[in-house]
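> starting from these lines, generate the structure:
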Amino acid sequence: MKIYDSIILNLVLILFPILLYLICMAYDTNINKRNNILLLDMALISSLYLTLNYSSNLLLMFNIPLIIAYVKKRNFATFLINVMIIRYYYLYSDNYIYYVIYEYLFYALLAYIFNNNSNYLVFSILIIKSIIYIIDSYDLGIALGVSFIFFITTWIVLFMLSKVENIMELHSINKRIKEDEEFRTSLFKITHEIKNPIAVIKGYLDMFDVNNLEHAKKYVPIMQDEVKRLLILLQDFLCMNKIKVNKDILDINLLLEEVVSSLNSVLDEYGIKKEINLYDDEIYIDGDYNRLTQVFVNIIKNSVEARKEYDCYIKIDSYLEDNYVVIKIEDNGTGIPKDVLKRISEPFFTTKKRGTGLGVSLSYEIIEAHNGIISYESIVNEYTLVTIKLPLY
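Model prediction:
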């Protein structure tokens with residue numbers, strides 16, 4: 001019974017780190033190739049270490065990590081495992097150490113010869129090691145049984161490793177498919193948004209009479225605005241992952257006043273009341289005027305689009321807090337659901353029929369490029385509050 005307990009203990013110590021590696025590889029979709037190699041090396045070295053230090057002396061079994069290291073061409077793990085095995089023989093075995101060194105150098109030679117045929121390599125090492133073990137054993141029956149288990153365990157582990165590699169390849173393919181789908185969706189959305197100003201320009205060009213001065217006065221500014229909108233959209237799309245800001249000293253209160261002034265006609269058109277409470281004095285920051293204007297215009301336009309049918313208001317406050325200016329923009333519109341609020345900063349995520357999902361994402365990037373903080377707070381059908389903190393100049 002003792003020999004069977006010893007075999008089971010060896011199998012547990014050998015397989016436990018390797019099984020942990022297999023489970024990790026099978027279920028974690030974010031592990032890259034470099035981490036995969038590192039984890040495999042750690043699993044094989046740990047497997048051998050546990051077997052050498054805590055198992056009974058079934059010297060045949062601890063060759064399994066070495067065979068796997070050879071098959072997977074893990075040079076570092078192979079070298080370290082060979083050193084650990086030879087050291088173990090030197091310290092605890094009666095075998096003549098030079099014969100052991102020659103034996104494991106021969107395995108390395110086999111790995112070189114069968115570099116492109118792992119089946120021959122595995123079979124050769126299994127046969128040679130089993131023969132040596134049977135010759136050195138006092139009980140032929142037990143030796144044959146242990147050799148059989150040695151064969152079966154090695155092939156099972158290699159089979160499981162191949163299956164995990166297939167799973168990892170599937171993870172990689174699924175990831176590429178998902179990235180392609182996201183790219184196609186993003187491209188569709190941006191194409192749809194670009195089509196709108198082009199359609200407007202084409203419509204006015206179709207109506208345009210070059211001999212009619214009134215047409216020129218009326219249609220040209222509209223087409224110019226659509227072209228500007230189109231260029232801004234394209235620029236935002238190109239700069240989506242890397243916002244460029246050209247900072248200069250500016251008064252943030254003055255910027256806010258100009259933004260509100262430019263949107264007065266829109267606010268008045270929809271009967272939206274304004275409550276502006278800005279800090280009494282100038283507040284200077286180091287910022288990009290155009291980019292920050294883009295952020296505040298986007299926030300206010302979103303508030304307008306989320307308005308209720310009556311008693312609408314937009315409230316804008318600015319005040320100082322430590323070394324920051326804090327700007328709060330609040331509305332009493334339809335609000336933002338919690339599931340949408342969690343994803344509001346994701347590029348191309350939008351619940352609008354004609355939206356690109358770039359506005360809020362770009363706002364986050366612009367504020368972060370100013371070393372600031374932007375946050376959203378909302379309750380459906382009650383309010384939405386956008387808080388922006390920017391460092392003072």
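
> going forward, measure contacts and count neighbours with C-alpha atoms only.
Will do.

> contacting residues around stretch 43-51?
By C-alpha atoms under 8 Å, 6 or more residues apart in numbering, the surrounding residues in contact with stretch 43-51 are 10, 13-18, 20-21, 62, 65-66, 68-69, 77, 80-81.

> buried stuff in that stretch?
With burial defined by 16 or more other C-alpha atoms under 10 Å, the residues of stretch 43-51 counted as buried are 43-51.

> check stretch 208-226 too.
Buried residues in stretch 208-226, counting neighbours by 16+ other C-alpha under 10 Å, are found at 208, 219-220, 223, 226.

> end to end, how far does stretch 260-273 reach?
Stretch 260-273 has its terminal residues 12 Å apart, counting by C-alpha to C-alpha, to the nearest Å.

> for stretch 204-220, same thing?
First residue to last in stretch 204-220 (C-alpha to C-alpha) measures 9 Å.

> re earlier: which members of the buried residues of stretch 43-51 occur in strands, if any?
In strands, judged by DSSP state E, none of the buried residues of stretch 43-51 are found.

> among the residues you listed, which two are most distant?
Using C-alpha to C-alpha, those reach their maximum pairwise distance at 43 and 51, which is 12.3 Å.

> now residue 89: how far from residue 101?
10 Å.

> low-confidence ranges in the stretch 51-200 of the chain?
Flagging of the stretch 51-200 of the chain using pLDDT under 70 yields the residue ranges 55-59, 93-95, 182-183, 185-190, 192-193, 196.

> which residues of it fall in helices?
64-71, 75-92, 97-113, 118-136, 140-207 (DSSP state H, counting those that start in this stretch).

> sort out which of the contacts of stretch 43-51 are buried, if you could.
Burial by neighbour count, judged by 16+ other C-alpha under 10 Å, picks out 10, 13-15, 17-18, 21, 62, 65-66, 68-69, 77, 81 from the contacts of stretch 43-51.

> quick check: domain ranges of this structure?
By the assignment in automatic domain parsing, the chain contains the domains 2-175, 188-238, 248-391.

> TSV please, covering those and showing distance to residue 181.
Shown next, in TSV, are these (distance: least, C-alpha to C-alpha, whole Å):
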stretch	distance to residue 181
domain 2-175	10
domain 188-238	10
domain 248-391	13
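
> from the buried residues of stretch 43-51, which land in helices?
Cross-referencing the buried residues of stretch 43-51 against helices under DSSP state H gives 43-51.

> report how many residues lie close to residue 373.
As a burial measure, residue 373 scores 17 neighbours (other C-alpha atoms under 10 Å).

> tell me the contacts of it?
364, 367, 387-390.

> also residue 113?
Here residue 113 is in contact with no residues (criterion: C-alpha under 8 Å, 6+ apart).

> distance check, it against residue 28.
To residue 28, residue 113 is 35 Å away according to C-alpha to C-alpha.

> likewise residue 73?
Spatial separation of residue 73 from residue 28 under the definition C-alpha to C-alpha is 23 Å.

> likewise residue 166?
14 Å.

> report how many residues lie close to residue 162.
Count around residue 162 with other C-alpha under 10 Å applied: 12.

> can you check residue 294 too?
Residue 294, neighbours per other C-alpha under 10 Å, totals 16.

> quick one: it is in a helix?
Yes - checked against DSSP: H, G, I helix; E, B strand; the rest coil, residue 294 lies within a helix.

> tell me the pLDDT of the nearest residue to it once chain neighbours are set aside.
Excluding its sequence neighbours, the residue lying closest to residue 294 (C-alpha to C-alpha, 6 or more residues apart in numbering) is residue 363, at 7.8 Å. On pLDDT, residue 363 comes in at 85.

> name the helix or strand for residue 363, please.
Element membership for residue 363 (DSSP states H and E) is helix 359-369.

> what is that helix packed up against?
helix 289-305, strand 373-379 (3 or more C-alpha pairs under 8 Å, 6 or more residues apart in numbering; DSSP states H and E).

> nearest to residue 123, of these?
Of all the helices and strands packed on helix 359-369, strand 373-379 sits nearest to residue 123, with 62.1 Å by C-alpha to C-alpha.

> show the subsequent helix or strand relative to the closest one.
Later in the chain than strand 373-379, the nearest helix or strand by DSSP H and E is strand 383-391.

> quick one: strands adjacent to that following strand?
According to DSSP bridges, strand 383-391 forms sheet pairs with strand 324-331 (antiparallel), strand 373-379 (antiparallel).

> please identify the buried residues of it?
383-391.

> and it, what's its mean pLDDT?
Averaging pLDDT along strand 383-391 yields 93.

> between it and helix 359-369, how big is the angle?
Angle, strand 383-391 to helix 359-369, by axes from the mean of the first three to the mean of the last three C-alpha atoms, to 10 degrees: 30 degrees.

> now do strand 383-391 against helix 289-305, angle only.
Going by the same axes, to 10 degrees, strand 383-391 makes 170 degrees with helix 289-305.

> chain center to strand 383-391: distance?
Taking C-alpha atoms, centre = their mean, to the nearest Å, one finds the center of strand 383-391 at 27 Å from the center of the full chain.
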